[in-house]
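**Student:** From the sequence below, what's the structure:
(2 chains)
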Amino acid sequence: MLKDITFGQYYRCNSIIHRLDPRIKILLLIVVFIFIFLAQGFAGLLVMTLFITIIILLTKVPIKLFLKNLKSILPIIIFTTLINLFYSKDGIVLFEIWKLKLTTGGVERAVFLALRIILLIIVGSVLTYTTTPNDLTDAIERLLSPLKFIGLKRFVHVLAMMMTIALRFIPTLIEETEKIMNAQKARGANLEEGNIFERIKALIPILIPLLISSVRHAYELAEAMECRCYNGGEGRVRMKKLRLHISDYLSCVVCLIFSSSVVVFNILI
Amino acid sequence: MDSIIELKNVTFEYDDNDIKNTVISNFNLEIERGSFTVILGHNGSGKSTLAKLFNGLNKPSAGEVFVDGISTLDEDNEIEIKRRVGMVFQNPDNQLIASVVEEDVAFGPENLGLRPDVIRQRVDEALKAVEMYEFRTAAPHHLSGGQKQRVAIAGIIAMKPECIVLDEPTAMLDPKGRAEIVSTLHKLNKENGITVVLITHFMEEAEKADRVIVMNDGKIITDDIPKIVFSNVKKLKSVGLDVPQTTELLYSLKNNGFDIKTDVISIEEAADEIYNALHLEEK
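**Tutor:** Numbering: from 1, shown residues only, chains lettered A, B, ... in the order given. Prediction:
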């Protein structure tokens, strides 16, 4: 059950998108996010949809993995769609129940917003599926490195280290949670039934052992890090050097072409 | 003796609610460079405390520990000591830092501030030495316990240490994983000349060692080559340790009137010994 969490899990494969510089990927992700929000009409959004579809195909990541991520936020999509269906009063009234009016404008708006959320999630997953968590933290560390000029060098390193360790321990802690849940079930704990309060209460015997074991993990990890000559990142050199290649520049150009066409459509239509 | 680690009159105590607990006192030990030493002892015999004294994770309360001639009390040389004496712990999950095998192995050399191309070369060498090179881009949580532990060992040898101290590295592994680790260690000892100090409570891991030290209650009970240590079955049993199954069998055969040697450990030798003994009986 818990193993289904795929967000933030790298899909091993060797595609053009996988090979792009992680810094470029993060920056382009931000650009794409902005332009998805900037698109005011279907034309603009469809251009982005086309762009994102091309990217997905280039990643060679199975489509079903993206759908799996969408499934996890399906309630949010349904919720926004329903709200927006009845929100707008424009267009022809299709039918009316009590005070709720379903108009063509409403349908249009609901579809538009649902598509926008879907695109945002998918673009986000493209980054996490094609970039190793370490590359990601590396890229964030490097993108934030200008902060060292204002005396935040240590902050940048500590943040990156924390992210690396957190990502590394997510699968370990998930495994452990499952073990603890099974252990508590074997002792007769009922985790699946009861009202919301009872269920929350049933989580306590899972969370406390998990917390204690995390502290133990942290203690042992700190010792292991010390044994590997870690002294807070002083004089640390990274094995992987990030260098921009032609494909990185090219992807920037392609991304900007698609993004700017959103602006063009916004003005034209 | 050219020793890599030397303990001189070492005492280690810790405070537990204002009660002083002495784990080891007036302890003397030398580990020879290039040797393969196994330290045996059941839980609470002080062997983990001893391991952490070897690279300065624990500082002696009295006496001194020297690594390659440098005292572990010397705070300016802490990194130098840790680089010379690497340490591997019981739980592989708590030693791996990165989510990709090769990036984890690179962690140590990266901390040493080496050139990126040198780091790359060392990582590849280390992964090849533990036969995990083909898993270099895998995620640690997809590996078996034995594989994870071998990655942890690679992470240490990428720093090119003189000596590796392993504190019960096989305690959480299945028999297959255990065998993998022990053969990897022997290979590193023979081919790369790395001094190995293996702390364990599995007797069979001590079979091929150069030297076996048995500890109980913070003291050395026996310190000799494996054959001699294991032939003293009574003494080992008195400190709560088992002897290898072969020795156990030969020992009980001898007690039942067979004319048999008990100082062989490997299964093949033991089989020969039993065969000879039975042959004599027939005659």
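**Student:** CA only for contacts and neighbour counts going forward, please
**Tutor:** OK.
**Student:** what's the closest non-adjacent residue to A:Leu100?
**Tutor:** Of all residues not flanking A:Leu100 in the chain, A:Phe86 sits nearest, at 6.2 Å (Cα to Cα, 6 or more residues apart in numbering or on different chains).
**Student:** tell me the contacts of that neighbour?
**Tutor:** By Cα atoms under 8 Å, 6 or more residues apart in numbering or on different chains, the contact list for A:Phe86 reads A:100-103, A:106.
**Student:** which among those residues end up buried?
**Tutor:** Buried members of these, counted by 16 or more other Cα atoms under 10 Å in any protein chain shown: A:101-103, A:106.
**Student:** How many neighbouring residues does B:Leu278 have?
**Tutor:** B:Leu278 has 14 neighbouring residues, counting by other Cα atoms under 10 Å in any protein chain shown.
**Student:** and it, how far is that from B:Gly257?
**Tutor:** Distance of B:Leu278 to B:Gly257, computed by Cα to Cα, to the nearest Å: 12 Å.
**Student:** likewise A:Arg216?
**Tutor:** Distance, A:Arg216 to B:Gly257, using Cα to Cα: 52 Å.
**Student:** where do the strands sit along the stretch 1-150 of chain A?
**Tutor:** Under the criterion DSSP state E, counting those that start in this stretch, strands of the stretch 1-150 of chain A are mapped to A:93-97, A:100-103.
**Student:** Strand partners (parallel or antiparallel) of the first one?
**Tutor:** The pairing partners recorded for strand A:93-97 under DSSP bridges are strand A:100-103 (antiparallel).
**Student:** Show me what from the stretch 51-200 of chain B comes close to chain A.
**Tutor:** For the stretch 51-200 of chain B, the contact set with chain A under Cα under 8 Å from any Cα of the partner chain comprises B:55, B:57, B:79, B:82-83, B:86-89, B:93-100, B:103, B:106-108, B:110-117, B:119-120, B:141, B:155-156, B:159.
**Student:** could I get the strands of the stretch 1-150 of chain A as JSON lines with distance to A:Ile165?
**Tutor:** Listed next are these as JSON lines, based on distance: least, Cα to Cα, whole Å:
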{"stretch": "strand A:93-97", "distance to A:Ile165": "53"}
{"stretch": "strand A:100-103", "distance to A:Ile165": "50"}
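**Student:** Present the ones you listed as CSV; the columns should include mean pLDDT.
**Tutor:** Listed next are these as CSV, based on pLDDT from 0 to 100:
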stretch, mean pLDDT
strand A:93-97, 76
strand A:100-103, 78
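**Student:** circling back: who has more neighbours out of A:Arg216 and B:Gly257?
**Tutor:** In this view A:Arg216 and B:Gly257 are compared by other Cα under 10 Å, and A:Arg216 has more residues nearby, 13 against 8.
**Student:** Figure out the helix or strand that the more buried one lives in.
**Tutor:** helix A:196-227 (DSSP states H and E).
**Student:** ok, and for that helix, which residues are buried?
**Tutor:** For helix A:196-227, by 16+ other Cα under 10 Å, it's A:202-203, A:206, A:210, A:214, A:217-218, A:220-227.
**Student:** again with stretch B:171-183
**Tutor:** For stretch B:171-183, a neighbour-count test (16+ other Cα under 10 Å) marks B:171, B:173, B:177-182 as buried.
**Student:** measure B:Glu180 to B:Met215 for me?
**Tutor:** Taking Cα to Cα, one finds B:Glu180 at 25 Å from B:Met215.
**Student:** next one: A:Arg216
**Tutor:** Applying Cα to Cα, the value for A:Arg216 to B:Met215 is 26 Å.
**Student:** Break the chain down into its structural domains.
**Tutor:** I'll assume chain A. Following automatic domain parsing, one gets these domains for chain A: A:2-131+A:243-268, A:145-227.
**Student:** ah, I was thinking of chain B
**Tutor:** The record, using automatic domain parsing to delimit domains, assigns chain B the ranges B:3-243, B:244-283.
**Student:** Mind listing what's buried along the last one?
**Tutor:** To tie it back to what came earlier, the one meant is domain B:244-283. For domain B:244-283, burial by neighbour count (16+ other Cα under 10 Å) applies to B:244, B:246-248, B:250-251, B:253, B:258-266, B:270, B:273-274, B:277.
**Student:** what's around the closest residue to A:Leu143 other than its chain neighbours, how many residues?
**Tutor:** Among residues not flanking A:Leu143 along the chain, A:Arg23 sits closest, at 6.8 Å (Cα to Cα, 6+ apart). Neighbourhood size, A:Arg23 [other Cα under 10 Å]: 22.
**Student:** Tell me the pLDDT of A:Arg23.
**Tutor:** A:Arg23 carries a pLDDT value of 92.
**Student:** OK, contacts around it?
**Tutor:** A:Arg23 neighbours (Cα under 8 Å, 6+ apart): A:136, A:139-140, A:142-143.
**Student:** Same check on B:Val165?
**Tutor:** Counting by Cα under 8 Å, 6+ apart, the residues that B:Val165 touches are B:51, B:54, B:85-88, B:196-199.
**Student:** same thing but 7 Å
**Tutor:** Counting by Cα atoms under 7 Å, 6 or more residues apart in numbering or on different chains, B:Val165 makes contact with B:51, B:85-88, B:196-198.
**Student:** ok, now B:Lys219?
**Tutor:** Taking Cα under 7 Å, 6+ apart, we find B:Lys219 in contact with B:Ile24.
**Student:** If it is in a bridge, with which residues?
**Tutor:** B:Lys219 forms beta bridges with B:Asn216, as assigned by DSSP bridges.
**Student:** if I look at it, how far off is chain A?
**Tutor:** Separation of B:Lys219 from chain A (Cα to the nearest Cα, to the nearest Å) stands at 25 Å.
**Student:** can you tell me how far that residue sits from B:Ile24?
**Tutor:** The spacing between B:Lys219 and B:Ile24, counted by Cα to Cα, is 7 Å.
**Student:** likewise B:Pro244?
**Tutor:** As judged by Cα to Cα, B:Pro244 and B:Ile24 stand 27 Å apart.
**Student:** repeat for A:His157
**Tutor:** 39 Å.
**Student:** Please apply the same query to A:Ala39.
**Tutor:** For A:Ala39, the distance to B:Ile24 (Cα to Cα) stands at 72 Å.
**Student:** again with B:Arg211
**Tutor:** From B:Arg211 across to B:Ile24, the span is 21 Å (Cα to Cα).
**Student:** Also B:Ala209?
**Tutor:** To B:Ile24, B:Ala209 is 24 Å away according to Cα to Cα.
**Student:** how about stretch B:32-48: buried residues?
**Tutor:** B:32-42, B:45-48.
**Student:** How about stretch A:40-53?
**Tutor:** For stretch A:40-53, burial by neighbour count (16+ other Cα under 10 Å) applies to A:40, A:42-49, A:51-52.
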